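**Student:** Just a sequence and a predicted model for now, questions to come.
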Amino acid sequence: QVQLDESGGGLVQAGDSLRLSCTASGPTYTRPVMAWFRQAPGKDREFVASIGWSGNRVAYSTPVKGRFTISRDGGKDTMYLQMNSLKSEDTAVYFCAAGVAWSILSTGYDSWGQGTQVTVSP
């Protein structure tokens, strides 16, 4: 499996921006698809965005489309989530995930980070 480590969470105000990072280690080529999920208190884990190995294929959930941007560096081992125009409803623990095939389902990923808290105050 691939080991994933997220960073960049914090407390911000509505309208602010934040950038999350996820650094992968291990046999990253075995898990070419990476994604961000989030989980708010009392809610299921939900898909946020995903990116393919080359970075050319991306997908976003409807609530974040147009505000969030997913990217990965040229070395493929670090993924980012640039979050702009943050809203209070974006408050959640954000998880980095890696998997073999393209998916927007959490069951499609078998490598997960520990999560990073993002809190957006109104």
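**Tutor:** Received, thanks.
**Student:** Walking through this structure, point out its helices one by one.
**Tutor:** Using DSSP state H, the chain contains no helices.
**Student:** Run through the strands of it in chain order.
**Tutor:** 3-7, 10-13, 18-25, 33-39, 46-51, 58-60, 68-72, 78-83, 92-99, 111-112, 116-121 (DSSP state E).
**Student:** Can you list the strands that the last one pairs with?
**Tutor:** When pairing is defined by DSSP bridges, strand 116-121 lines up against strand 10-13 (parallel), strand 92-99 (antiparallel).
**Student:** Likewise for the first one?
**Tutor:** Under the criterion DSSP bridges, strand 3-7 sits next to strand 18-25 (antiparallel) in its sheet.
**Student:** Convert the strand it pairs with to CSV, retaining C-alpha atoms only.
**Tutor:** Presented in CSV, the C-alpha positions along strand 18-25 are these (Å, rounded to 0.1, in the frame of the first residue of the first chain):
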residue,chain,number,x,y,z
LEU,A,18,-6.7,27.4,2.1
ARG,A,19,-4.4,24.9,0.4
LEU,A,20,-4.2,21.3,1.4
SER,A,21,-1.3,19.0,0.6
CYS,A,22,-1.0,15.2,0.5
THR,A,23,2.4,13.6,0.2
ALA,A,24,2.5,10.0,-0.9
SER,A,25,5.3,7.5,-0.2
